[in-house]
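Trainee: 3D, please:
(one chain, ligands or ions: 1)
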Amino acid sequence: GSSLELVNSGKLTTCTHLPYEPFQSRQDNKIVGFDVDLVDLVAKELKVTQEIVDTPFEGIQTGEDLNARKCDVAAAGMTITDVREENLDFSAPYFEATQALLTKKGAAFDSLESLKGKKLGVQQGTTGEEYAKKNGPGVETVQFEDLALLLTAVKTGQVDAAVNDNGVLFEYVRKNADTEVTAEFKTGEQYGVGVRTGNDALRKEIDKVIKAAKSDGRYDAIYKKWFPA
Ligand code: GLN
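Mentor: Presented below is the predicted three-dimensional model:
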């Protein structure tokens with residue numbers, strides 16, 4: 001069938017990096033989230049099932065995993081950037097994001113300027129790391145491999161603050177009342193689903209599904225499910 005030419009093996013394999021709640025996380029031993037639901041719509045359209053591969057973000061964002069055929073798509077709350085476009089292709093944008101600052105409640109750090117001489121946690125290989133390094137001279141950045149380690153470091157005081165995407169930080173604050181988001185940096189990012197460079201057939205299927213889902217209410221339903229007002 002024509003749909004099978006688009007993917008590896010009768011399955012749609014997705015590279016992602018856990019946890020990145022509410023986009024992807026493990027709950028009751030199941031991997032769930034906004035990105036999972038979105039890619040499920042694509043899998044449904046292709047009449048295959050989605051299989052998720054949890055793998056470090058570095059190999060995802062460099063295109064290495066896609067090129068090595070570790071997976072058909074990459075869905076990891078991943079921002080579309082010019083550098084990444086050199087190594088993989090992106091679907092149409094599916095989510096708007098910006099960088100934000102997380103601190104313990106009452107810590108009074110509300111800008112990179114205020115963190116001079118302090119420790120700022122960043123997640124390795126992310127746009128947040130890049131933003132912090134470019135815009136925070138004199139701020140000591142501390143790298144973490146994943147979001148869970150980064151968030152825990154804020155909670156335990158190992159770092160004074162952390163930079164990451166607004167969606168995941170607001171989700172954390174909602175569940176951790178001893179933390180707060182004190183700034184948003186308006187980086188104007190957009191998430192895209194990654195495919196191997198030149199896999200236009202699959203990329204166009206994804207775009208078609210995103211477009212249809214945005215106009216028929218399925219996108220809104222996913223949004224409301226993962227970002228309850
Ligand atoms: N959106 C950020 C980026 O693309 C963070 C993604 C992530 O950590 N999963 O770099």
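
Trainee: got the residues of this structure near the ligand?
Mentor: When proximity is defined as Cβ under 6 Å from any ligand atom, the chain approaches the ligand at His17, Tyr20, Phe57, Ala76, Gly77, Met78, Thr79, Ala97, Gln123, Thr126, Thr127, Asp165. No exception for glycine: its C-beta is placed from N, CA and C like everyone else's.

Trainee: from those, which single one is nearest Asp89?
Mentor: Using Cβ to Cβ, Met78 comes nearest to Asp89 of those, at 12.2 Å.

Trainee: point out where this protein drops to low pLDDT.
Mentor: Counting by pLDDT under 70, the chain shows low-confidence ranges at 1-6, 8.

Trainee: 80 instead?
Mentor: Within the chain, the stretches with pLDDT under 80 are 1-9.

Trainee: following the chain onward from the longest helix along it, which element is next?
Mentor: In the chain, taking DSSP state H as the definition, the longest helix is helix 200-216. For helix 200-216, the following helix or strand on the C-terminal side (DSSP states H and E) is helix 218-226.

Trainee: quick one: that next one to chain centroid distance?
Mentor: Put simply, helix 218-226 sits 16 Å off its chain's centre (Cα atoms, centre = their mean, to the nearest Å).

Trainee: got it, and stretch 203-221?
Mentor: 18 Å.

Trainee: who touches that stretch?
Mentor: For stretch 203-221, the surrounding residues in contact (Cβ atoms under 8 Å, 6 or more residues apart in numbering) are 6, 38, 41-42, 45-46, 73, 89-92, 94, 193, 195, 222.

Trainee: could you dump it to PDB, C-alpha only?
Mentor: Provided in PDB are the C-alpha atoms of stretch 203-221 (Å, rounded to 0.1, in the frame of the first residue of the first chain):
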ATOM      1  CA  ARG A 203       6.300  15.500   5.800                       C
ATOM      2  CA  LYS A 204       3.300  16.400   3.500                       C
ATOM      3  CA  GLU A 205       1.100  13.800   5.200                       C
ATOM      4  CA  ILE A 206       1.900  15.400   8.600                       C
ATOM      5  CA  ASP A 207       1.200  18.800   7.300                       C
ATOM      6  CA  LYS A 208      -2.100  17.600   5.900                       C
ATOM      7  CA  VAL A 209      -3.100  16.100   9.200                       C
ATOM      8  CA  ILE A 210      -2.100  19.200  11.200                       C
ATOM      9  CA  LYS A 211      -4.100  21.400   8.900                       C
ATOM     10  CA  ALA A 212      -7.200  19.200   9.000                       C
ATOM     11  CA  ALA A 213      -6.900  18.800  12.800                       C
ATOM     12  CA  LYS A 214      -6.700  22.600  13.200                       C
ATOM     13  CA  SER A 215      -9.800  23.200  11.200                       C
ATOM     14  CA  ASP A 216     -12.000  20.300  12.400                       C
ATOM     15  CA  GLY A 217     -11.600  20.700  16.200                       C
ATOM     16  CA  ARG A 218      -9.300  17.700  16.800                       C
ATOM     17  CA  TYR A 219      -6.300  20.100  17.400                       C
ATOM     18  CA  ASP A 220      -8.400  22.200  19.900                       C
ATOM     19  CA  ALA A 221      -9.400  19.000  21.700                       C
END
